[in-house]
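[1] With the input below, show me the fold.
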Amino acid sequence: MKKVTAIIILIIVALLAATIVSPIMVVAEDTSEDSSIDMAASFSILGFKWIYPGSSINAEGQTLHNVHINHPEDPYGAARDIMTYSYGVTPHLFFSVNNEAAQAIFGANIVDNIRANDGYYGYAGNDNVAGSMSRGDAMESAMLTGGVNVFEIPMQIILGNIRLIIA
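    Numbering: from 1, shown residues only. Below you'll find the predicted structure:
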């Protein structure tokens, strides 16, 4: 058990050290659609920032939301280039989180709560949330409301629902 704890701490320290050079991107991908990036966050030693994929573009105007459609051969390389063009940062590490992982970690209704919070497709709200807010605020609110089951994170990595991509 001490070895496992030491390895986990070492990995965390290595990831934090890597953010000195470039941020880590966490992307929420809905594999039930077209594997589009529905939301992203940039994390570095300087802080945390929500990134809305629909307004993050490259020089050609292609969005972060559609990197799998526009660049199926290298979607995360395209995402890296979009982040450089839009925000002046060049991430090389991406953590992709699908809906199954999000539901296991944050609760079964996390996706509905996010959609309710930001008025997704006119979704007016539900008994847990009242209405419209920015996508970043909707994510943060839904994640904090349902709690976090951190013990699910290693399981979701093993199941392949959270993936590390180097771009």
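[2] Going by C-alpha atoms from here, please, whenever you check contacts or count neighbours.
    Will do.
[3] quick one: contacts for Gly88?
    Shown in contact with Gly88 (C-alpha atoms under 8 Å, 6 or more residues apart in numbering): no residues.
[4] my bad, Ala102
    Ala102 sits in contact with 110-111, where contact means C-alpha under 8 Å, 6+ apart.
[5] which strand is the longest one in this structure?
    Assignment by DSSP state E gives strand 36-44 as the longest strand of the chain.
[6] ok, that one: who's next to it in the sheet?
    strand 24-30 (antiparallel), strand 47-51 (antiparallel) (DSSP bridges).
[7] Next, count neighbours for Thr31.
    Residues contacting Thr31 under the criterion other C-alpha atoms under 10 Å number 13.
[8] Pass me the low-pLDDT residue ranges in this protein, would you?
    Applying pLDDT under 70 to the chain flags the ranges 33-35, 118-132.
[9] For it, which segments count as helices?
    Here the chain has its helices, by DSSP state H, at 2-18, 67-70, 75-87, 99-106, 110-117, 135-146, 152-159.
[10] Can you give the distance from the third one to the centre of its chain?
    The reference is to helix 75-87. When distances are taken as C-alpha atoms, centre = their mean, to the nearest Å, helix 75-87 is centred 14 Å away from the chain's centroid.
[11] which residues are contacting it?
    Helix 75-87 is contacted by residues 56-59, 63-64, 67-68, 71, 89-92, 94, 165, 167 when judged by C-alpha under 8 Å, 6+ apart.
[12] Could you identify the most distant pair in those residues?
    Ala59 and Ile165 (23.3 Å; C-alpha to C-alpha).
[13] Spatially central residue for the chain, please.
    Val27 (2.6 Å; C-alpha atoms, centre = their mean).
[14] does that one really touch Ala101, like I thought?
    No. Contact criterion C-alpha atoms under 8 Å: Val27 and Ala101 do not qualify, at 11.9 Å.
[15] tally of neighbours for the nearest residue to Asn66 once chain neighbours are set aside?
    For Asn66, ignoring the flanking residues on the chain, the nearest one in space by C-alpha to C-alpha, 6 or more residues apart in numbering is Ser36 at 5.8 Å. By the measure other C-alpha under 10 Å, the count of residues near Ser36 is 20.
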